[in-house]
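In: Structure of the sequence below:
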Amino acid sequence: MSLPCGRRWRVTDFLPLLLPGIILTGCAPPASSPGAQSALQIEPVYIVYSGEVASFDNGHLLEFPFLDTYKGMEGERWLGRPVTRAFPDRELGWTLQIFEYGVLAQDPDDLHIFLLKISDLLGRRQGGVPASKDSQCSYSQETGHNLCYEFREYVRTAGVEHFGPPVAEMTMDAEGTLYQDFEYARLQWIGGGIVRERCGETFFLLRGYDRALREPATGAAGPALGVTRLYASLARPTLRPGETQILQVALTDPTGAGIPEVTLQVTLEKDGQALLEITLPPTDADGMASLSFRVPEADPGTRIRVIVRGMWETTPLESVVEFEVWW
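Out: The predicted structure is shown next:
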């Protein structure tokens, strides 16, 4: 059965048509429907880029290995802010960074970076169903699910690559909210438009990760105006013993300009014990300096602190970052 298209329908108008296992039937939304428009109305994310580091308004940073992928996929629109720092998930075997609306992962074996199929890990994928005969629906041969009405308009407008194919049928929760799950996302019908679930937050909670991962790393506020800032970043959050780590530092004055010709000391520390002392080359004209070092022998799961210290004029400088030894 199809609903007449003579007026704009609300979700409550077709609630009586919902039956278990039956797909909702409705009027095809026009191109200017709330679903199509809401795909383009994403809360802006404030980001400050400084070299190979992005600083967010919640205090978190995004850097190697995920920064380029985030920028390339317009992450400020489709992933939102990071809600954790990068960290290894030993059960999954990947390095992860969780964002408001999704999760980026890296395989430490081949360094491949990918968007996590979050619905699979949350147990949301359902068995396939027959294709709907409704002309307002499209069918995914890959997953065996239909995509209809406002949800289809939203995905068409936004781009299917941001959500993946549907992995379940459109359904309704106990509170009367329509939703549909996709490989990378859950879309909900709320307040007359499509809203994306903050599935990264859901993933963090249901996986039971340590809440300390939500706290920005010590000294990792990123270069900023108004203060003298020493910022350190590491190329990789996880490595094996003997692999090469790259440390990069940026030193800026209160105007945000780089401070040249400052020599800094680096200490690698495990459980309060110094493993290695290194002197960085002097900062260049942009206030930047970097060095590479081999990861010392340590047990898998060991967290190694990298402490950068120095002095500029009368200002003591210190920045601390960490990485974890992989197995």
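
In: chain center to stretch 244-256, what's the gap?
Out: Its chain's C-alpha centre and that of stretch 244-256 lie 23 Å apart, by C-alpha atoms, centre = their mean, to the nearest Å.

In: List the buried residues in it.
Out: Across stretch 244-256, burial judged by 16 or more other C-beta atoms under 10 Å covers Gln245, Leu247, Gln248, Val249, Ala250, Leu251, Thr252, Asp253. Bear in mind the C-beta positions are built from the backbone N, C-alpha and C, glycine included.

In: Contact partners for Pro282?
Out: If a contact means C-beta atoms under 8 Å, 6 or more residues apart in numbering, then Pro282 has Pro260, Glu261, Val262, Thr263, Ala289 as its contacts.

In: any chance of these in TSV, with neighbour count too?
Out: Formatted as TSV, the contacts of Pro282 follow (neighbours: other C-beta atoms under 10 Å):
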residue	neighbour count
Pro260	14
Glu261	10
Val262	19
Thr263	12
Ala289	22
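
In: pLDDT weak spots in this protein?
Out: In the predicted model, the chain carries pLDDT under 70 at residues 1-44, 50-51, 216-227, 327.

In: Grab the most central residue of it for me.
Out: Phe99 (3.1 Å; C-alpha atoms, centre = their mean).

In: Check the gap between that one and Ala158 for me.
Out: For Phe99, the distance to Ala158 (C-beta to C-beta, to the nearest Å) stands at 16 Å.

In: one step back: the contacts of Pro282 in strands, which ones?
Out: Ala289 (DSSP state E).

In: Nearest to Leu317, out of the contacts of Pro282: which one, please.
Out: Ranked by distance to Leu317 (C-beta to C-beta), these are led by Val262 at 8.0 Å.

In: now the closest one: how far from Ser319?
Out: Distance from Val262 to Ser319, by C-beta to C-beta: 13 Å.

In: tally of neighbours for Tyr184?
Out: A count of nearby residues for Tyr184, using other C-beta atoms under 10 Å, gives 23.

In: That one: what's it in contact with?
Out: Each residue near Tyr184 by C-beta under 8 Å, 6+ apart is listed here: Gly102, Leu115, Leu116, Lys117, Ile118, Ser119, His162, Phe163, Gly164, Cys199.

In: switch the cut-off to 6 Å
Out: Listed by C-beta atoms under 6 Å, 6 or more residues apart in numbering, the contact set of Tyr184 reads Gly102, Leu115, Ile118, Phe163, Gly164.

In: what's the answer for Thr302, then?
Out: Thr302 sits next to Val325 when contact means C-beta under 6 Å, 6+ apart.

In: Downstream of the helix or strand where Leu247 lies, the next helix or strand is which one?
Out: Per DSSP states H and E: Leu247 is located in strand 244-252. Next along the chain after strand 244-252, taking DSSP H and E as the criterion, comes strand 265-270.

In: buried set for that following strand?
Out: Counting neighbours by 16+ other C-beta under 10 Å, one finds that the buried residues in strand 265-270 are Val266, Leu268, Glu269, Lys270.

In: Reformat those as JSON lines; add distance to Leu239.
Out: Converted to JSON lines, the buried residues of strand 265-270 look like this (distance: C-beta to C-beta, whole Å):
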{"residue": "Val266", "distance to Leu239": "16"}
{"residue": "Leu268", "distance to Leu239": "12"}
{"residue": "Glu269", "distance to Leu239": "16"}
{"residue": "Lys270", "distance to Leu239": "14"}
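
In: which one among those gets closest to Pro296?
Out: Leu268 (6.8 Å).

In: need the contact list for the closest one.
Out: Leu275, Leu276, Ile304, Val306.

In: Mind giving me the ChimeraX select for those residues, buried ones only?
Out: Buried members of these, defined by 16+ other C-beta under 10 Å, are picked up in ChimeraX with:
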select :304,306
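
In: Using CSV, lay out the contacts of Leu268 together with secondary structure and distance to Trp312.
Out: Shown next, in CSV, are the contacts of Leu268 (DSSP: H, G, I helix; E, B strand; the rest coil; distance: C-beta to C-beta, whole Å):
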residue, secondary structure, distance to Trp312
Leu275, strand, 26
Leu276, strand, 24
Ile304, strand, 26
Val306, strand, 19
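
In: Between the contacts of Leu268, which sits nearest Leu206?
Out: Nearest member of the contacts of Leu268 to Leu206, counting by C-beta to C-beta, is Ile304, at 29.5 Å.
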